[in-house]
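[1] fold the stuff below for me.
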Amino acid sequence: MFRRLIMAFAALAFIGSANAELKIEITGGINEGHRIAVYQFAQDPNVKFDVASVVAADLMRSGKFAPLSRNNLPQGGVVNGSIDVEKAALSSAEFVVGGIVKSLGNNIYNIEFQLVGLQGANKGKVLAHFGGRTSLATMRQASHRVSDRIYEAVTGQRGCFRTRIAYIVQKRNSKFPYQLMTADYDGYNEVAVVKSTQPIMTPAWSPDGKRIAYVSFEKRKSAIFVQDIVTKKRKILAEFSGLNSSPSWSPDGTKIAMTLSKNGQPDIFYFDLAQGRFVQVTANRAIDTEPTWSADSKALFFTSERGGKAQIYKKDLVSGKVERVTYQGARNLSAKQIPGTNSLVVITQVNGFRVARVDADGSIYMLTTSTLDESPSVAPNGSMVIYSTVYQGRKGLALVSSDGRFKANLPSSAGEISSPAWGPLLSK
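    A predicted model of the protein is given here:
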């Protein structure tokens, strides 16, 4: 982020599946949103995995649902995957979920579920129904698929529970103290993509989810790499003299924006992947950094101190027009557009550095109450924000819904965690 960039820029003058999984600790918002009854799925005795628990947790973390405690659900509401609407309605929930996990042999299982309305005009209506095959190894991903279907049926937006995140883990006494990791959005299935003895920073996913751009200091100077997470092959995108930082992939996949100081002062550039050339976007005496794309890939938001203190600006790449976006707060940094809206998520300096939402009219709505937040990244459906913060004396990750209702921390015993980046939606 902007504070780290200033320190890194100064330093250049002198220097020329993992063992741990993140665990979500909920801190707020569990009683808000649509009331939904998620009954335990009828399962083959050999299946020890609790599909319903994963589904209920997914829905709760979105900030859009308030799953009822399983212990308080009316008996007989769901029997062997079949829903009794009248009994389930005694829960006062708006919706009920029932399902079954059936063995097909050879470690293959079929997961089938129904989402049924319990109130008003939806009472008794099947709002979502799906069946699909899975193995025990992919049971969690199959459970996330159920959550995605339920979320979309109720909200009208695609769910993002099968997405992955990238982040940096720092283990001070490790052979490779800096590691670029990926994991499911809820911290499971963690994989090491890059291990290094030197700092790694600011990972950014490609829109197809197959590559990650990041900054590495492995050559004792900053350089931007692009790595294929499947083949493990990588290439250097930028290693100019000075600063190479903050890569950001355009939503249409044709360009990668970044901050370069190859001309002396940090400015915004982008690399045109089709033409194989760099294009300078800003040329200002003040520091311009942290570029991020608009949803249509036609404009760049960035952080600049050209007005005196760091604020968010926007440059239209067609007209060339630059406009200031944020005015409230002493400083505003690290902008990310919320998909499907004209709002931004930023880090704002108000009683510390906090995650906030900037709406189209310029008003700021605080999403967090912590004071050392940085590096926000928005879920591809706009429902949640993941960011880095200090929790119990250690840097780690946290989640907040984009409406501020749901909050959770993702602490890890593996080391300090920073620079989260939310991956794209997967195909249905």
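
[2] C-alpha only now, for contacts and for neighbours.
    Fine.

[3] show me where the stretch 101-250 of the chain has its strands.
    108-117, 126-134, 164-170, 178-184, 191-196, 200-205, 211-216, 223-228, 234-238, 244-249 (DSSP state E, counting those that start in this stretch).

[4] mean pLDDT, mean neighbour count and distance to residue 371 for those strands - can I get that in a markdown table?
    Formatted as a markdown table, the strands of the stretch 101-250 of the chain follow (pLDDT from 0 to 100; neighbours: other CA atoms under 10 Å; distance: least, CA to CA, whole Å):
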| stretch | mean pLDDT | mean neighbour count | distance to residue 371 |
| --- | --- | --- | --- |
| strand 108-117 | 96 | 21 | 40 |
| strand 126-134 | 94 | 16 | 41 |
| strand 164-170 | 95 | 24 | 20 |
| strand 178-184 | 94 | 24 | 25 |
| strand 191-196 | 94 | 18 | 29 |
| strand 200-205 | 97 | 26 | 21 |
| strand 211-216 | 97 | 24 | 26 |
| strand 223-228 | 97 | 21 | 30 |
| strand 234-238 | 96 | 15 | 33 |
| strand 244-249 | 97 | 27 | 23 |
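
[5] reformat those strands as a markdown table; add distance to residue 40.
    Listed next are the strands of the stretch 101-250 of the chain as a markdown table, based on distance: least, CA to CA, whole Å:
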| stretch | distance to residue 40 |
| --- | --- |
| strand 108-117 | 11 |
| strand 126-134 | 16 |
| strand 164-170 | 26 |
| strand 178-184 | 23 |
| strand 191-196 | 30 |
| strand 200-205 | 35 |
| strand 211-216 | 37 |
| strand 223-228 | 39 |
| strand 234-238 | 44 |
| strand 244-249 | 41 |
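
[6] and residue 144, which of those strands is closest to it?
    Nearest to residue 144 among the strands of the stretch 101-250 of the chain is strand 178-184; the distance by CA to CA comes to 9.9 Å.

[7] what about residue 328, how many residues nearby?
    15 (other CA atoms under 10 Å).

[8] right, and it touches residue 361 too?
    No - contact criterion CA atoms under 8 Å: residue 328 and residue 361 do not qualify, at 11.2 Å.

[9] quick one: residues contacting residue 289.
    2, 246, 258, 259, 266, 267, 268, 302, 303, 304 (CA atoms under 8 Å, 6 or more residues apart in numbering).

[10] may I have the strand or helix carrying residue 354 exported as PDB, CA atoms only?
    Following DSSP states H and E, the helix or strand that holds residue 354 is strand 353-358. Only the C-alpha atoms of strand 353-358 are listed here, as PDB (Å, rounded to 0.1, in the frame of the first residue of the first chain):
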ATOM      1  CA  PHE A 353      -6.400   3.100   8.900                       C
ATOM      2  CA  ARG A 354      -9.700   1.300   8.300                       C
ATOM      3  CA  VAL A 355     -11.500  -0.400   5.500                       C
ATOM      4  CA  ALA A 356     -14.300   1.800   4.200                       C
ATOM      5  CA  ARG A 357     -16.800   1.900   1.300                       C
ATOM      6  CA  VAL A 358     -16.900   5.000  -0.900                       C
END
